[in-house]
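> what's the 3D shape of this:
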Amino acid sequence: MPTNTFFLHWLPDIHAKTDSTYFEDQGATMLVYTFPILFIASLGCLYLHLGEKISDRNEERVGISRFASWKQPVMAKSPLGILSCIELTFLAMFISLLIWSFCSYLHAMFADITQQAAAKGEQAWQTKLEYSALALGLVGNICLAFLFFPVTRGSSILQFIGLTSESSIKYHIWMGHIVMVLFTSHGLCYIVFWAKTDQISLMLNWCKIGISNVAGEVALLSGLAMWATTIPTIRRKIFELFFYTHHLYILFVVFFILHVGFSYSCVVLPGFYLFLIDRYLRFLQSQQRVRLVSARVLPCEAVELNFSKNPGLCYTSTSTIFINVPSISKLQWHPFTIISSSSMDPDKLSVLIKSEGSWSRNLYQKLSSSSLIERLEVSIEGPYGPASTHFLRHDMLVMVSGGSGITPLISILRQLIFRANTEGGKTPRVLLICAFRECLDLTMLDLLLPVSGTNFHISRLQLQIEAYVTREKDPVTDNKKLLQTIWFNPHALDASVSAVLGQNSWLWLALIISSSFIIFLLLIGILTRFYIYPIDHVENNSTYSYSSRSSMNMLFICVSIIVAATAAFIWNKKQNQKEMKQIQNIYTPTPVISPGSWFYNSDRELENLPRQSIFEATKVHYGERPNLKEILHKCEGSSIGVLVSGPRKMRHEVAAICSSGLANNLHFDSISFSW
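Model (predicted):
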């Protein structure tokens, strides 16, 4: 775009061949900017659908990619966090794109700046300031075009290139900061220009045709409000303010489109279009109450929730779900890592929630109270996670966790235990290094096996656990807290967790993307040809308002997505209900309270004990922290995968060790997790 070749040759030729009475000039921009991305998203869905079937048949260990070294951390303690070589490369390329675009725009605009300034009756520096402000806005649109891709949880484009929304949040943060810096500079430069040229009244200008300044100012103010609450102090201490203020993105996008017009907004439309589809599907799923089968209340003030799951729903290790408990808060949704394995637990989906905030503390108090709870209403969104995991490619896995960071590692270990007990299954050796603050936190290791009886033997997995209790020097021997299991009564309206359209049903997502876009094209084609076109070309001295056109197009986008997604969702919901009809009404009476824990003088509640208990595989170190550098450098194997899930300080420490070059066989992977 920032070249004369595009503006003087390509774009006029495209308009000449694509402008029609049905779409007018916005047809060209949709063809060039919107259609290709939506087409790639649909093809990505087909690719991922086929890839899932292929991966199901080829689960054997794969070798390390030739590009594995590019994924290793090269900066562990940078202001941007842990960065790999490939991230640094793409970041440098993107910054270069922005700089080149800005310089290119200015070079073209300043070509005959003296003559343009004279024609306007302005000084040269004033005209340069105006054009610089325009160039800043155009460059900001490049970042805005990418802003919504990382926060689309069921994105086929992200998974197509091997990313997840959770791991890509940092890219959204980077892009958001750059967008606001550019747009704020864009707005300030225009204000200074208007003030210096005695045109400050233009701030209140809302044109029927062209740029609407008031709409741009409203969009900028909405963006600044969101930007202000991203300050780490506010985001961490007043998260609710950050979360609710971020919903101003609706105002930001709406008034941005009213500011530049719908035709030009097609540049940034694809990412937001896919985000809207994802957001609406999440809304549909969140309206259904799911069946909560049981809860295990651990002595360490943590709770394991076990949901009934459709056996056809499959997810990978380290996947997450978002949970809402209306009795605690109807508005708050919190992400948690799934600790169950869809292979080991075909009928259950489990999460671990540690009491570390007001919401999770209220949940723990509700479940640990002496009063009997027969039912707890819960809604979920998800699961979301990587399309596949490649833990089997290593000879050895070193898992490092801190506190609740053990949750994603539990799901990996359950998957490895299942594979080790499968005929012919090959698994790597596993060293689990987990650090806890108190002895009671050791009870989280109880969750390495599901709540129900199992015939899977841990002894078949080469597992070694090194547990560190950092704040206590001696084991607790007089603990009176017991592990409790609460069983809930089923409700006729509760449904099992089923695959929502999106990540767990790629073909349906492809259908929604394509069909909704076709419906949108039909609607705007009819509107343009039979309503807007007669006004623009038949009535004398009349032009249809850009704002009205943009508003109608935004309405049609919403209608198209709602129609396509709702129809597909209802169809799939009926199919899932047929499959789960017999399962939903099953109720087996079970004890309300079960004896404690492996670590606290009580029997294991499982009916079939594994040959080697977790306790026997665990060595507990009291009053010390793990020496990660020494441990990692002692590990032997041609390929060692290092998985880290814990506080930022721990992730940075392990990343620094892996990037030091002292052990080339260490392959670092930082796992994002939620509690």
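
> which stretches of the stretch 1-150 of the chain form strands?
Along the stretch 1-150 of the chain, counting by DSSP state E, counting those that start in this stretch, strands occupy 73-78, 81-84.

> for the stretch 51-200 of the chain, what are the low-confidence residue spans?
Scanning the stretch 51-200 of the chain for pLDDT under 70 picks out 52-69, 76.

> Report pLDDT for the nearest residue in space to L269 that is not next to it in sequence.
Closest residue in space to L269, ignoring its immediate chain neighbours: T34 at 5.1 Å, by C-beta to C-beta, 6 or more residues apart in numbering. The way it works is simple: take the backbone N, C-alpha and C, and place the C-beta from them, glycine included. T34 is assigned 93 on the pLDDT scale.

> And T34, how close does it get to C266?
According to C-beta to C-beta, to the nearest Å, T34 and C266 sit 5 Å apart.

> which ones are touching K573?
For K573, the contact set (C-beta atoms under 8 Å, 6 or more residues apart in numbering) comprises Q288, S498.

> let's number from 28 now, not from 1
Noted, 28 is the first residue going forward, which turns the last one into K600.

> Please tell me how far it sits from F334.
When K600 is compared with F334 (using C-beta to C-beta), they lie 17 Å apart.

> swap in K357?
Using C-beta to C-beta, we find K357 at a distance of 19 Å from F334.

> Looking at those two now, which is surrounded by more residues?
Neighbours were counted for K357 and for F334 using other C-beta atoms under 10 Å; F334 has more, 23 against 9.

> State whether the more buried one is indeed within a helix.
No - the assignment for F334, made by DSSP: H, G, I helix; E, B strand; the rest coil, is strand rather than a helix.

> so is the residue nearest to it when sequence neighbours are not counted in a helix, a strand, or just coil?
Leaving aside its chain neighbours, F334 sits nearest to L376 (4.6 Å; criterion: C-beta to C-beta, 6+ apart). Under three-state DSSP, the three-state class of L376 is strand.

> dump the residue contacts of L376.
Listed by C-beta under 8 Å, 6+ apart, the contact set of L376 reads N333, F334, S335, K336, L340, I348, I365, S367, S369, P410, V524.

> Same question for F279.
Contacts of F279 by C-beta under 8 Å, 6+ apart are A246, S249, G250, M253.

> and those residues, which of them are in helices?
Of the contacts of F279, the ones assigned to helices by DSSP state H are A246, S249, G250, M253.

> Tell me the one among those residues nearest to I126.
Ranked by distance to I126 (C-beta to C-beta), the ones in helices among the contacts of F279 are led by G250 at 22.0 Å.

> How much space separates the residue nearest to that closest one when sequence neighbours are not counted from Y198?
Using C-beta to C-beta, 6+ apart and skipping the chain neighbours, the partner closest in space to G250 is F279 (5.2 Å). F279 sits 18 Å away from Y198, going by C-beta to C-beta.

> how about TSV for the contacts of L376, with pLDDT added?
Converted to TSV, these look like this (pLDDT from 0 to 100):
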residue	pLDDT
N333	91
F334	91
S335	88
K336	86
L340	81
I348	89
I365	89
S367	87
S369	82
P410	87
V524	84
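
> Columns distance to P561 on top of these, output as a markdown table?
Formatted as a markdown table, those follow (distance: C-beta to C-beta, whole Å):
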| residue | distance to P561 |
| --- | --- |
| N333 | 62 |
| F334 | 56 |
| S335 | 57 |
| K336 | 55 |
| L340 | 51 |
| I348 | 51 |
| I365 | 56 |
| S367 | 60 |
| S369 | 57 |
| P410 | 50 |
| V524 | 52 |
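
> ok, so of those, who is nearest T555?
The closest of the contacts of L376, once distances to T555 are taken by C-beta to C-beta, is P410, at 41.2 Å.

> Go over the secondary structure and confirm that closest one is in a helix.
No - secondary structure assignment (three-state DSSP) places P410 in strand, not in a helix.

> and N31, how far is that from F547?
For N31, the distance to F547 - C-beta to C-beta - is 33 Å.

> Looking at these two, which is more packed in?
The neighbour comparison of N31 against F547 (other C-beta under 10 Å) goes to F547, with 22 against 11.

> and that one, what does it touch?
For F547, the contacting residues are F583, I584, S587, by C-beta under 8 Å, 6+ apart.

> And for R180, the neighbour number?
Neighbours around R180, by other C-beta under 10 Å: 24.

> Hmm, I typed the wrong one, I wanted I64.
I64 has 17 neighbours, counted by other C-beta under 10 Å.

> returning to that earlier point: list just the nearest of the contacts of F279 to Y495.
Nearest to Y495 among those: M253, at 40.0 Å, using C-beta to C-beta.

> mind listing what that closest one touches?
By C-beta under 8 Å, 6+ apart, M253 lies in contact with G203, T272, H273, L275, Y276, F279.

> got a markdown table for those, with distance to M426 and secondary structure too?
Below are the contacts of M253 laid out as a markdown table (distance: C-beta to C-beta, whole Å; DSSP: H, G, I helix; E, B strand; the rest coil):
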| residue | distance to M426 | secondary structure |
| --- | --- | --- |
| G203 | 32 | helix |
| T272 | 37 | helix |
| H273 | 33 | helix |
| L275 | 40 | helix |
| Y276 | 36 | helix |
| F279 | 40 | helix |
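
> so who does the residue positioned nearest the centre of the chain touch?
The centre of the chain sits closest to S192, judged by C-alpha atoms, centre = their mean, with a distance of 2.6 Å. S192 sits next to P177, V178, T179, R180, G181, S182, L185, Y411 when contact means C-beta under 8 Å, 6+ apart.

> Compare T61 and C293 and say which is more crowded by neighbours.
C293 (23 against 20).

> residues contacting the residue lying closest to F129 once chain neighbours are set aside?
Closest residue to F129 apart from its sequence neighbours, by C-beta to C-beta, 6+ apart: V166 at 4.9 Å. By C-beta under 8 Å, 6+ apart, the residues touching V166 are L125, S128, F129, Y132, L209.

> Now distance to I460 too, for these, in a markdown table please.
Formatted as a markdown table, the contacts of V166 follow (distance: C-beta to C-beta, whole Å):
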| residue | distance to I460 |
| --- | --- |
| L125 | 41 |
| S128 | 46 |
| F129 | 47 |
| Y132 | 52 |
| L209 | 43 |
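
> ok, of these, which come out buried?
S128, F129, Y132, L209 (16 or more other C-beta atoms under 10 Å).

> wait, doesn't the last one sit right on C170?
If I follow you right, that is L209. Yes - assessed by C-beta atoms under 8 Å, L209 is found in contact with C170 at 6.7 Å.

> returning to what we had before: pull the most distant pair out of the contacts of V166.
Among the contacts of V166, the pair separated by the greatest distance (C-beta to C-beta) is Y132 and L209, at 12.2 Å.

> where does stretch 512-532 sit relative to the chain's centre, distance-wise?
Offset of stretch 512-532 from its chain centre (C-alpha atoms, centre = their mean, to the nearest Å): 21 Å.
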